[in-house]
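*Asks:* Sharing a model prediction with you, sequence too.
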Amino acid sequence: MDIEVLKEKQNELRRKVILKPLDTEIKYIAGCDSAFRGELINSVFVILEYKTLRVVEIKNLVSHTDFPYIPGFLAFREAPNLLNVYKTLSIKPDLIMVDGHGISHPRGLGIASHLGVLLNIPTIGVAKSLLVGKYKKPCMKKGCSEIVYFNGKVVAYALRSKDDTQEIFVSPGHLIDLNSALSVVLNTLRGYRLPEPIRLADYYSRKFL
DNA sequence: GCGACAG
DNA sequence: ATCTTGTCGC
């Protein structure tokens, strides 16, 4: 595979990313993530009831990986297996929280946006470290946040999701704006650094492998 | 050319 | 992401 071809594929998908206020009511929210062991990839979707954060469904799928990890091309490594897991869900979520970036990406199309466009549903990117952009360090108290800028654009929030822990990065994936994304993340925090959908998907992706 | 670089 | 020893705090 040629890196320039991959970039063009991302640019094509990027043109379809739509950001708007999330006006629909969220009943079910999903978190997804993948874990690796050698050549194996295990992808997980955890579905939670948004209001109570109760888990209502967990699905996973182990398969073989061919694509390597290349910064900026994470979706080409993880999205295929995640899409196959998504197909098996009996409860379809109204929004998906993805472990990785949304539009805070070199070409504006992180894995969260990528999945959102392909599935045509709202997605939010929640990353544990920065890929692109600059920001001021938010204060150390839970709830503090600062805007992340990239190429003169607002692309994410650096959010202190728990007192005295490393900040996380919240960016819109698809069909949602930045402030709505931040709001959803804040509403799904339960005393841990990571919001519940991501924390649980992260946990089960490793447990089932 | 050099540094940076989600998971 | 994964591997891995040690430490801090509730």
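*Replies:* Noted; the coordinates are in hand. Numbering: from 1, shown residues only, chains lettered A, B, ... in the order given.
*Asks:* OK, contacts around residue A:51?
*Replies:* residue A:27 (CB atoms under 8 Å, 6 or more residues apart in numbering). C-betas here are computed from N, CA, C, even on glycine.
*Asks:* That one and residue A:60, how far apart?
*Replies:* 25 Å (CB to CB, to the nearest Å).
*Asks:* Likewise for residue A:7?
*Replies:* 31 Å.
*Asks:* Which of these two has more residues huddled nearby?
*Replies:* residue A:60 (21 against 15; other CB atoms under 10 Å).
*Asks:* Skipping adjacent residues, who's closest to that one in space?
*Replies:* residue A:44 (4.4 Å; CB to CB, 6 or more residues apart in numbering).
*Asks:* which phi and psi does the spatially most central residue of chain A have?
*Replies:* Centroid-nearest residue in chain A, with CA atoms, centre = their mean: residue A:98, separated by 2.1 Å. Main-chain dihedrals, residue A:98, degrees, to the nearest 10: phi -110, psi 140.
*Asks:* Tell me who's in contact with it.
*Replies:* Residue A:98 neighbours (CB under 8 Å, 6+ apart): A:32-33, A:111-112, A:115, A:123-126, A:173.
*Asks:* Any chance of TSV for the residues you listed, columns pLDDT and secondary structure?
*Replies:* Compiled in TSV, the contacts of residue A:98 are given as follows (pLDDT from 0 to 100; DSSP: H, G, I helix; E, B strand; the rest coil):
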residue	pLDDT	secondary structure
A:32	98	strand
A:33	98	strand
A:111	98	helix
A:112	98	helix
A:115	98	helix
A:123	98	strand
A:124	98	strand
A:125	98	strand
A:126	98	strand
A:173	98	strand
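*Asks:* Most neighbours among those, which one?
*Replies:* Most crowded among these, counting by other CB under 10 Å, is residue A:112 at 35 neighbours.
*Asks:* Please say whether there is contact between stretch A:147-160 and DNA strand B.
*Replies:* No - no part of stretch A:147-160 sits near DNA strand B under the criterion CB under 7 Å from any atom of the strand; the closest distance found is 10.8 Å.
*Asks:* got the contact list for that stretch?
*Replies:* A:101-105, A:108, A:125, A:130, A:132-146, A:167-171, A:178, A:181-182, A:185-186.
*Asks:* For it, measure first residue to last.
*Replies:* This stretch, stretch A:147-160, spans 12 Å end to end (CA to CA, to the nearest Å).
*Asks:* tell me which residues in that stretch are buried?
*Replies:* A:148-150, A:155-160 (16 or more other CB atoms under 10 Å).
*Asks:* Centre of the chain to it, how far?
*Replies:* 15 Å (CA atoms, centre = their mean, to the nearest Å).
*Asks:* Check stretch A:198-209 too.
*Replies:* 14 Å.
*Asks:* Likewise for stretch A:156-166?
*Replies:* That offset, for stretch A:156-166, works out to 16 Å (CA atoms, centre = their mean).
*Asks:* same question, stretch A:25-34
*Replies:* 10 Å.
*Asks:* Contacts for it next, please.
*Replies:* Everything outside stretch A:25-34 that qualifies as a contact, by CB under 8 Å, 6+ apart, is A:41-51, A:56, A:78, A:81-82, A:85-86, A:89, A:91-99, A:115, A:184, A:188, A:195-202, A:205.
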